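**Student:** Sequence and predicted structure below; questions after.
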Amino acid sequence: MATSVMKPTTVRFDEGLKADATDILDSIGLSLNSYLTLALRQLVNQRRVPFDLAPAPEVPNEETRRAMILADAKEMGLIRDDAATFDNVEDALSYLEAL
């Protein structure tokens with residue numbers, strides 16, 4: 001059986017990213033070093049990145065967040081909904097043309 005030689009490597013991370021990752025790994029009993037070794041072994045074994053890559057979920061901007069809160073408050077009856085309502089398309093178009 002071939003012996004492997006362990007060699008130290010320096011990896012640089014953003015402090016916040018490292019802290020968040022370490023917290024998660026600690027909760028499942030893995031060290032950062034163990035996780036990186038595991039990920040590298042899977043990369044070599046599978047010959048591909050061993051996990052799905054996805055963009056971070058979109059976070060609404062301040063204007064959108066406020067609009068969502070306002071809509072929820074109106075739906076729950078916390079504030080009066082004074083938006084115009086229409087029974088047919090013609091009335092809606094007339095309203096829009098008058099603006």
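**Tutor:** Everything's here; your move.
**Student:** going forward, measure contacts and count neighbours with C-alpha atoms only.
**Tutor:** Will do.
**Student:** pretty sure Leu43 contacts Val49?
**Tutor:** Yes. Between Leu43 and Val49 a contact is recorded at 5.5 Å, counting by C-alpha atoms under 8 Å.
**Student:** which residues in this structure form helices?
**Tutor:** 15-27, 32-46, 62-75, 89-98 (DSSP state H).
**Student:** Enumerate the positions of the longest one that are buried.
**Tutor:** Okay, so that is helix 32-46. Leu32 (16 or more other C-alpha atoms under 10 Å).
**Student:** roughly how far apart are the residue most central in space within the chain and Leu38?
**Tutor:** Geometric centre of the chain, nearest residue: Pro57, 2.9 Å, by C-alpha atoms, centre = their mean. The gap separating Pro57 from Leu38 is 26 Å, by C-alpha to C-alpha, to the nearest Å.
**Student:** what does Arg65 give?
**Tutor:** For Arg65, the distance to Leu38 - C-alpha to C-alpha - is 39 Å.
**Student:** mind showing which ranges of this structure have poor pLDDT?
**Tutor:** Counting by pLDDT under 70, the chain has low-confidence residues at 1-2.
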